[in-house]
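Chemist: I need the structure of the sequence given here:
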Amino acid sequence: MSVKNSTEKKSLNRRDFVKTAGLGAAGFMIVPRHVLGKGYRPPSDKLNIALIGAGGKGEAHRDTLKKGENFVAFCDVDDVRAKSTYEMFPKVPRYRDYRKMLDEMGKSIDACVIATPDHTHAVITMACMQMGKHVYVEKPLTHSIWEARELLKAAKKYKVVTQMGNQGASMDCNREVVEWIQSGTIGDVTRVHVWTNRPVWPQGVPTPTEKVPVPITLDWDLWQGPAAVRDYNPAYLPFKWRGWWEYGTGAFGDMGCHLVDPAYRALKLTTPTSVEASATTVWVGDFVEANYTDSCPPSSLVKMQFPAREGMPECELWWYDGGIRPMRPEELGPNEEFGSWDGGVLFEGSKGKMMCGIFGENPTLLPTSRMKEVKAPKPWLKRVKGDHQEVWAEACKGNGEPTSPFEYAVPLTESLLIGNLAVRCYDIKKLQPGKTPTSWAPYDYPGRIRLQWDSENVRVTNFEEANLFVKREYRKGWSL
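Modeler: Got it, this is the predicted structure:
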């Protein structure tokens, strides 16, 4: 069939793009849209997607992408969790092991969406990229800093389209925050406060010891993936894994990719040079401190210091979780809302303050009366059409660019995980069980020491124990 107009040429170019990107698209005939009818989307315009983690959060990706793309495989280790997806697409092949899925379905898959727990993101994503598949990965991108660096190398090597699942990156409000800040409306920003109501799952709890039978609908061994082997317990599933260091990254890893993103973009942040933390102490008796090394603390406060960059001064970012919030700004009226139910962001500049929601929504100057006095900056950033997942899918087909590619997502993720280094090292006794402080001051808390981060060499330079968490040990049979 000859190409007679620009629409047909565009379709052909998109098909060629998918093929040259290492995807499994076969040579097919491009059918003119006017032949198919208005509003019809030909198969040549659709990605063949494998959804890994078909239940839970994966359902949101399923519902967004089903409108315009084609699911060719589902993978989930929990049949009950994935039931809704399986019932919605009864004819789509289903798997428990993503490796078997890639072996059997690889030639039919163009791109993969990974919506599994944090500790399995990296191994699954790497396997998909090595087969030339575009990848959309839930936030946080990885469980460890080393994994993040390795995925960035792989994305560059395999030249696939990548996207992390921080949806605010594709929202107009995110760009509005950037325009307000970079227009100089509140001057030089030297401090940012970011807070969340998470965790909304148990943290600061003891490791379960009771023996519980594994449900027959769950492959517990596959769920654990590269993590150390331990007995199944409902204390970990289906959502509570976020509060366990072995599997999740706590509140900072969960919500930081959303909440920190507006500030990260607006202030052109890179990686912090230093970090310090304070975390809740859990008591199990009078003057008896718990030694819960596996569970994230119920709440934490983290301060990260960022260097001067691109004409912007040094900046400190304060993170609060578990119900802790920054002090209410004096410029905010007594009946005016400070953030929202699930969090917020407050920028402090040399010429004023501004706050916004978790994705950057509703950027507001303080006092709020300034919103009537100050004209909003003229938009100069390109707005994005479609949901975050759709933006990625279109980029896979050569239409536009992803909004949170690994080149951006890795430094952002790394910054949050560096913050977690300080949280995990806050109490040295938890790193060295059995040792007790010799005095009440300084009470052996390295968290009160500012950890110095060497980004080039990917390590903490002044507290070696912190480097235990830069790269995790994979159990036998698993590798990146």
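Chemist: how about the helices in this structure?
Modeler: Per DSSP state H, the chain has helices spanning 6-20, 33-36, 58-65, 83-88, 98-105, 118-130, 145-158, 172-182, 220-224, 250-266, 370-373, 388-396, 406-424, 428-431. These are given in chain order.
Chemist: select, out of those helices, the one closest to Lys139.
Modeler: For the helices of the chain, proximity to Lys139 was assessed by CB to CB; helix 250-266 is nearest, at 3.7 Å. The way it works is simple: take the backbone N, C-alpha and C, and place the C-beta from them, glycine included.
Chemist: how big is the angle separating the closest one from helix 118-130?
Modeler: Orientation check (axes from the mean of the first three to the mean of the last three CA atoms, to 10 degrees): helix 250-266 against helix 118-130 gives 50 degrees.
Chemist: which of the helices of the chain is buried the deepest?
Modeler: Comparing the helices of the chain by mean neighbour count (mean count of other CB atoms under 10 Å), helix 250-266 comes out on top with a mean of 27.
Chemist: that one to helix 172-182, inter-axis angle?
Modeler: Computed by the same axes, to 10 degrees, the angle separating helix 250-266 from helix 172-182 equals 60 degrees.
Chemist: for Val72, which of the helices of the chain is the nearest?
Modeler: In this view, these are compared for proximity to Val72 by CB to CB, and helix 98-105 is the closest at 6.5 Å.
Chemist: what is that closest one packed up against?
Modeler: Helices and strands touching helix 98-105, as assessed by 3 or more CB pairs under 8 Å, 6 or more residues apart in numbering; DSSP states H and E, comprise strand 48-52, strand 70-75, helix 118-130.
Chemist: which residues touch it?
Modeler: 50, 52, 72-73, 75, 93, 95, 109, 124, 127-128, 131 (CB atoms under 8 Å, 6 or more residues apart in numbering).
Chemist: for it, the distance to its chain's centre please.
Modeler: Taking the mean of its C-alpha atoms, helix 98-105 sits 25 Å from the chain's own mean (CA atoms, centre = their mean, to the nearest Å).
Chemist: likewise for stretch 242-252?
Modeler: If you compare the mean C-alpha spot of stretch 242-252 with that of the full chain, they lie 12 Å apart, counting by CA atoms, centre = their mean.
Chemist: now swap in stretch 173-190 and tell me
Modeler: 23 Å.
Chemist: ok, now stretch 340-356?
Modeler: 21 Å.
Chemist: also stretch 217-234?
Modeler: Here the centre of mass of C-alpha atoms in stretch 217-234, compared against the chain's by CA atoms, centre = their mean, lies 22 Å away.
Chemist: for that stretch, buried residues please.
Modeler: Neighbour counts using 16 or more other CB atoms under 10 Å place 218-220, 222-227, 232-233 of stretch 217-234 among the buried residues.
Chemist: how far does it stretch from start to finish?
Modeler: Taking CA to CA, to the nearest Å, the span from the opening residue of stretch 217-234 to its closing residue is 13 Å.
Chemist: what's the answer for stretch 46-60, then?
Modeler: Its first and final residues considered, stretch 46-60 spans 19 Å by CA to CA.
Chemist: close enough to count as contact, Tyr247 and His121?
Modeler: No - with contacts counted by CB atoms under 8 Å, Tyr247 stays clear of His121, the gap being 10.9 Å.
Chemist: any common contacting residues for these two?
Modeler: The overlap between the contact sets of Tyr247 and His121 (CB under 8 Å, 6+ apart) consists of His143.
Chemist: from start to finish, how long is stretch 242-260 in a straight line?
Modeler: From the first residue to the last, stretch 242-260 extends over 18 Å; the measure is CA to CA.
Chemist: no wait, stretch 275-285
Modeler: End-to-end distance for stretch 275-285, by CA to CA: 31 Å.
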